[in-house]
Every structure is written in structure tokens, then in C-alpha cells.
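Novice: Using only what follows, build the 3D model:
(chains A and B)
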Amino acid sequence: MTILGFMIPLSLAMGLCALGTFFWTMRSGQYEDMDGAANRILIDEDAP
Amino acid sequence: MNAITPPPSVPAETALDTAPSIDSRFTVPGIRCAGCIGKIERGLGLVPGVASARVNLSAKRVAVSHAETLDAETLIEELRKLGFEAERAADNPLARDDVETKRLIRALAVAGFGMMNIMLFSVSVWSGTDAVTRGMFHWISALIGIPVVVYSGRPFFASAWMALKYRRTNMDVPISIGVILATGMSLYETLAGGEHAYFDGAVMLLFFLLAGRTLDAMMRGRARSGIAALLGRMGRGAQVIGEDGTARYVEADKLRPGMTMLVAAGEALAADGEVVEGRTTIDTAMLTGESAPRPAVTGDLVHAGTINLGNPVRVRVTAAAQDTAIADIARLMDEAGQSRSRYVRVADRAARLYAPAVHTLAFLSFCSWLIAGASVYKALTIATAVLIITCPCALGLAVPAAQVVAAGALMRRGLLIKDGSALERLAEADEVLLDKTGTLTLGEPRPVTLAMLGPRSRAIALGLAQASRHPLSRGLAHALRGEGVEPAAVELVREATGSGMIGRCDGAEVALLRPEVETDTLAVDLLVDGTRTRITFADSLRPDVTETLAALKAQGLIAAIASGDRVEAVGGVARKLGLFATAAMRPADKLALLERRAALGHKVLMVGDGLNDGPALAGAHVSLAPGGASDVSQQAADGVFVGERLMPVATAVKVARATMRVVRQNFAMAVGYNVLAVPLAILGHVTPLVAALAMSGSSLLVVGNSLRLARAAGKEAQ
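Specialist: All right, here's what the predicted structure looks like:
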């Protein structure tokens, strides 16, 4: 059962990491234009 | 843009770089793919004065950062040349509501995190751990659960506190009491080493309720800031000519009747007045929604907020500041809008019945158990279980989930609905009142005799027309582009003020000219190779007016026309469509008509575009405006439809009614679940496991039922 002492903090830390990342993505405006980001990858930068 | 020494030959560009840049936003419904993004961003980037352009594909908007010297009209024209119809969007659409939504999303994320982690421990507890591990798991759950409840519960606690402070009760009161009681009880259980902790239930409740709130907040459009925008359009001041002939600048609110203003070309009028010297054309689009500029000569009345397009004129002020026609409309809109704020949304009506019932039920079960001889602790546990079970998880999701799905489906069909209450009111409408110009018609002159032009003439006509911003040229260019005509290379195009466009093509002179004799219809003459061809224009009806009216009739909505236009103009359209019509109505008349209908118990859907429709749009039970409408009308309306078709109006009513059907089903499901679960809770059989299953089960059911709307709405519009 001692493994729990390691696994529980680890799982909580990972969860917090995900939460922190979500907050960061929200603050940096990554959800402002979801369809645009998916489409922009198709734009050929070198085109005239 | 590397650090190459700027060549001395481009001083204009460096000057523009240092000039202060401003941001403008445009709605461009035609953006669909990566190609469009590239085309617009590259195309606008090449326009001198544009610093950058950024497309938002999801919102179908373009944000342009440009020099002050460039006005919005020019940019819209540039977008049109790139092949996209654009409309000006309000300056800052992401204001307060957005902050509110973001706060709710953050609370939702925290609640989700807490819910998932606590659930991991709860599952182990439910599957039977020994007392020591259970105690530890309860402690960890408490460590996660309490901060999460404090953070994510704030929106509910704040709202409940406000309600209680004013001695009222709302849905948030039982929610807050339930969550706080459950958390407190669970903490007590944890301290006492008890068997059942409800941390998962409390957090899960917050999660589902926050999901409902977030959906609702996402739907809510901008607040009604139309009136501020309206007065902002009025000129801020004017050059006033004194007795001695000198001009000085006078602020709009210091203008007095009798003063003489000198209005330069391109300037907005700051007061109502009468032209005393000069002849010009006035853009009254903002006041009437009519796109064709109106000529104004000595003796004509001109209104504040309209724009002088032609030559400088002298105008004697007849009404200023609060007495102008535009201020009058603003006042009417303000008053009309208040009636609508009294509308009570479905969820709130449900909450009014529901909240007291929940309190009573929980309190009664607490008392009954006490009387039956149970300990205070046991009675409190059961009362908490009742509160948790009855807390309107599914009820909180029932309305927003359905409305968000419906609004999303409508948005893909070219109709933007501003908030959920608009959908509710739309579903109740039983009469439609339509404006004529710009609503039943396109509001723009379109050529009606294109068929007689050959391919070469068409190409030349487009080459000439696209260089001008005159409404006739724009209508012609739009129609020709729509038929896939490629513009001919017309050189030396110039606009001869008052007569037309002149240029050279293949060495010969070509021109689009105003007919030499006055005609009673709008027309231009196309001059190619020495032959004159007359192109006549008309403000044609939207292509699907008849079908739309039939569809509305099929849904039991009676349509009528209310127009500010002349009787003859309205009569023709009314006879053609077989509608009852009232013509020559002033803004106040339209509002009075609406009030009469409302007094008879009718719920009127108003569709209009002009500023003169503004008060009616604000005062109607529910209102829609076409995308070409004045900003103020779009602000005042509950929804905006884009494109040339009128069908979105009928689709909107249909989808709104389907939405209300789904909302009622959702309510039935949520209430049904309560009817099943509450007796269990009162009898004391609800463990945290049962609560968790019941809550997530009913929420999923409600969300799933709402998702059906997307398919139904999609089928509807095909």
C-alpha cells in the first residue's frame, strides 16, 4: 500500500498540471479561433 | 521585413508606419476555408495603409489594423474586390460578457478537475476499502473538495447572497445551501471517521450546474448598447458661420436653432436643419436604411447623423441636441426596450416554483425524521441527501443545453441569435410585422435588364462599375460578379461627378453614364463602341420572399407590412405578396401599432432594418434584423440574419419552437428523475453512490436529448 503514497501525489500533480495548462491556453487566446487554426495549416506561405 | 535600409523612394510607407493605427472589425460571412483566409489576409495586406489583417474563421470576422486615413468604407470596398461581402462589426464585441464567460469556464475547469480526482477516491471507497484507507481517502477528498467548492461555488454563493439580501429566493439558494450543507456534513463525517462523504456529490453538482451556466453565458450576446452607439453617430460639432462671416467650431450640444453650419463633404451633420445654400447628396442610410443617397438642395430638410456626400453646404439649424430626430428615436428605443426586460425566462419561471418546493421538502424530511425519533445527525444527513438529489442539475442544463445547440445550428444557417430568451420569445410569436425596404427587398438597387448585354459589354461594365462606390455601380458590380463575369481591363477609369464613370478599353472610349433624360426609374447607360445600352435598376424583392411567407403562414404566423415608405411604393409590394400593409409610418407609429397588437394579446415578431425601425425592433415581443441593417437596428434586434434570403426568419421560428419542445421534454425528464429519486432520499436510502449515478445519468439524458436539435435544425433548413 506504500505505493499509494507515491501514486496519489503523482496523479494529483498531473491533474494540476493539466488544469494549469488549460488556464494558460485560455489566457493566451488559443480558443478564440478554433476553425481558423485548423485551416491555416493549409495556407501555402510561399504563394504569391 | 528584414532590416534593409529603406529605399528613399517610399516615403509614403514610412509615413504610414509612424501614423497612429486604428483597429476595425468586419463581419465577413463568406469566409469558409483556408483559401479565403489567405486571400483576405494577403489581399488586405497589399492595400496601402493597412498594417495587418487577421481573420477569425470561427467568428467569420476580420480584424484590420490600419492608418487613420483609411476609412471603413474603403476597406469594405477592398474586401468586395477580393470577392467578399463585408459588414462593419461593432468596435469591441468581446467586452464584459466575455470576461464573465471566461470566469465561468475557469470555475468549470476547476470543478471538473476536482470532480475527476475525488471520483477516483470515491470509486475505491464504494468498492469497499477498509476503514483506515477510507479515512485517508476521505481526507484527501476533503483537501481537494473544499478549495474546489470555495472557488467554483462562488458564482452561486454570490447570486444566492444577493437574492437573500433582498429577501428573495432563486435557484441558487437551494444550490448553495445544498452544496454548503453537503460539504459541511462530509467534513464532519471525515473527522468522525464515518462511512459516507458527499464531497463527490457536492463537486459534481457544481460541475454540472456550471456547465449549464457557461453554456448560457456563451449564448448571451452583447448588452443593449445601441443607444450610446446611436448618439455617437451624430456629428460631434460643426463649423458655425457668425454674423461677420467667420467660421468657428461649436460643439453639438451648444448648437442652437438659427445658427448656420458649414458642412464639409464627408462630414456627419451635428443637428437637424434646412439647407440654405448649395446642392449636394446626403447619405441617409443610417436614418432610413435606404442605400441610395438623396439629393438635397436649398430648402430641403436634413437630419443629424446623416452624412454629406457631395459638396460643402450651408445648413441653418432648426433643431439641435436633444430635439433632433435621431435623439427622438434614441429616446423611443430606450423606452421601448424596457418593456422587454420584464420578460421572465422559462428557467426562472421554473425556479420560482421549484426553489420553495425544494426547501420545504428538505425541511419537512428533517422534521419528520426528528419526530420519528432519529438523531439530529441522521435527520441532517437525510435532509442533505434530499437537497443534493433535488438540486436541479438536469434542470440547470435543460434550458441552456437545448438553446446552445439550436443557436449553433441556426448560426450555421446564417442567423445569429443574441441570447436564450430571444429563442423563447421567438417560439411564442404569432404575428410577423415586416418592414419593406431592406427587409422584404434587398435594400440595394440591382440591375434588372442584364440579359440584353453581351459578354464583352458585361466585362466592360464590371471593369467600370467596380471602380466606383456609387450604389448603382455597386449593385451592378455585385450582380455581374454573381454571374461569374471577369472584369475587362479598362484603363484610365475616372469618375465624373454627377454623370458617371468614363474609361478606355481596347483603345475605344467606354462609359457608364447617367441617362441624359430624367427617367422615373433608376438607370444608367452603358456606352460601348458608340452604342448606348440602358440598364435599369430596381430594389428587387429578396429571392425567396414568397416561399418564406408561405412557410410562416404554415406555422400560423400572420404577416403584415409596416413601412415608412410612400403609399404607392408599399402598395405595389403588398398587392404582389397579398399582405396587409400600412405605409408612411413614423418610428413612433410603428411602436404604437406594436403596442396595439400586444394589448390584444398578440406576440409580434418584428423584422426591420432601418434606424426608423429601431424603436419597433426594441419594443416588439421579439425582433430580427437583416445583416445589411444599420448598426443600431442590429443592436436592438434579438437576432441578425445574413445573406440575401429571407428564409432564415421562417427557419428561426421553426427551430425556436422545436427548441422549446425539447426544453419541455428536458424539464419533464428532470422532474421525472426527481419524482423517482426524492422518495428514496426522504426514506434515507440515498448513498453518495446513488446520488452520483442519478445526477450524471439525468444530466447526460438531458444533454443527449438537446443534441437531437442539431440534426432536426439541419434537416429543417435543407
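
Novice: Could I get the phi/psi values of the residue nearest to residue B:486 when sequence neighbours are not counted?
Specialist: In space, and not counting its chain neighbours, residue B:486 is closest to residue B:459: 6.2 Å by C-beta to C-beta, 6 or more residues apart in numbering or on different chains. All C-beta atoms are positioned from the backbone trio N, CA, C, and that covers glycine. For residue B:459, the backbone dihedrals (degrees, to the nearest 10) come out as phi -60, psi -40.

Novice: So what's the predicted local confidence for residue B:459?
Specialist: On pLDDT, residue B:459 comes in at 84.

Novice: any idea how far residue B:686 is from the residue of the stretch 501-650 of chain B found nearest chain A?
Specialist: When scored by C-beta to the nearest C-beta, the stretch 501-650 of chain B has residue B:642 as its residue closest to chain A, at 17.1 Å. In this view, residue B:642 and residue B:686 are 50 Å apart by C-beta to C-beta, to the nearest Å.

Novice: And residue B:203, by the same measure?
Specialist: 17 Å.

Novice: And residue B:619, by the same measure?
Specialist: 49 Å.

Novice: Kindly report the same for residue B:467.
Specialist: Residue B:467 is 75 Å from residue B:686, by C-beta to C-beta.

Novice: more crowded one of the two?
Specialist: residue B:686 (25 against 19; other C-beta atoms under 10 Å in any protein chain shown).

Novice: Pretty sure the more buried one sits in a strand.
Specialist: No: counting by DSSP: H, G, I helix; E, B strand; the rest coil, residue B:686 is not found in a strand; it is coil.

Novice: before we move on, which element is the nearest residue to it once chain neighbours are set aside in?
Specialist: Among residues not flanking residue B:686 along the chain, residue B:385 sits closest, at 4.4 Å (C-beta to C-beta, 6+ apart). Assigned by DSSP states H and E, residue B:385 falls within helix B:376-390.

Novice: Over to residue B:181?
Specialist: helix B:172-192.

Novice: List the buried residues in that helix.
Specialist: B:172-183, B:185-187, B:189-190 (16 or more other C-beta atoms under 10 Å in any protein chain shown).

Novice: cool, and stretch B:675-692?
Specialist: B:677-678, B:680-682, B:684, B:686-692.

Novice: Over to stretch B:57-73?
Specialist: B:57, B:59, B:60, B:61, B:62, B:64, B:66, B:67, B:70, B:72.

Novice: now stretch B:443-460
Specialist: Neighbour-count burial for stretch B:443-460 [16+ other C-beta under 10 Å]: B:443, B:444, B:445, B:446, B:447, B:450, B:453, B:457, B:458, B:459, B:460.

Novice: Please name the nearest non-neighbouring residue to the third one.
Specialist: Counting by C-beta to C-beta, 6+ apart, the nearest residue to residue B:445 once its immediate chain neighbours are dropped is residue B:537, at 3.9 Å.

Novice: who's that neighbour bridged to?
Specialist: residue B:447, residue B:522 (DSSP bridges).

Novice: where along chain A do the helices fall?
Specialist: A:2-27, A:34-40 (DSSP state H).

Novice: Make CSV from the buried residues of stretch B:675-692 and add pLDDT to it.
Specialist: Output for those, formatted as CSV (pLDDT from 0 to 100):
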residue, pLDDT
B:677, 82
B:678, 83
B:680, 84
B:681, 84
B:682, 85
B:684, 80
B:686, 78
B:687, 78
B:688, 76
B:689, 80
B:690, 80
B:691, 80
B:692, 79
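
Novice: Just give me the closest of the residues you listed to chain A.
Specialist: residue B:692 (18.7 Å).

Novice: per-residue pLDDT, the residue most central in space within chain B?
Specialist: Central residue of chain B (C-alpha atoms, centre = their mean): residue B:418, 4.4 Å from the mean position. Among the per-residue scores, residue B:418 holds a pLDDT of 76.

Novice: How about the residues of chain B by chain A?
Specialist: B:33-35, B:37-38, B:42, B:55-59, B:102, B:105-106, B:109-110, B:113, B:116-117, B:120, B:133, B:140, B:144 (C-beta under 8 Å from any C-beta of the partner chain).

Novice: what about 7 Å?
Specialist: Residues of chain B lying close to chain A by C-beta under 7 Å from any C-beta of the partner chain are B:33-34, B:37-38, B:55-59, B:102, B:105-106, B:109-110, B:113, B:116-117, B:140.

Novice: so of those, which ones are in strands?
Specialist: Using DSSP state E, B:55, B:56 are the members of those that sit in strands.

Novice: Throw together a ChimeraX command that grabs the buried residues out of the residues of chain B next to chain A.
Specialist: Buried subset of these, written as a ChimeraX selection, criterion 16+ other C-beta under 10 Å:
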select /B:34,37,38,55,56,57,59,102,105,106,109,110,113,116,117,140
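
Novice: Could you report the distance from residue B:594 to residue B:48?
Specialist: Relative to residue B:48, and taking C-beta to C-beta, residue B:594 is found at 48 Å.

Novice: out of the two, which sits in the more crowded spot?
Specialist: It is residue B:594, of residue B:594 and residue B:48, that has more neighbours when counted by other C-beta under 10 Å, with 26 against 11.

Novice: phi, psi of that one?
Specialist: The phi/psi pair for residue B:594 (degrees, to the nearest 10) is phi -60, psi -40.

Novice: what's the answer for residue B:68, then?
Specialist: phi -60, psi -20.

Novice: Summarise which helices and strands the helix holding residue B:385 is packed against.
Specialist: Counting contacts by 3 or more C-beta pairs under 7 Å, 6 or more residues apart in numbering or on different chains; DSSP states H and E, helix B:376-390 packs against helix B:172-192, helix B:346-371, helix B:647-682, helix B:688-717.

Novice: Swap in 6 Å and give it another go.
Specialist: In terms of contacts (3 or more C-beta pairs under 6 Å, 6 or more residues apart in numbering or on different chains; DSSP states H and E), helix B:376-390 is packed against helix B:172-192, helix B:346-371, helix B:647-682.

Novice: Tell me which other helices or strands the shortest one touches.
Specialist: The reference is to helix B:172-192. helix B:131-152, helix B:154-165, helix B:199-219, helix B:376-390.
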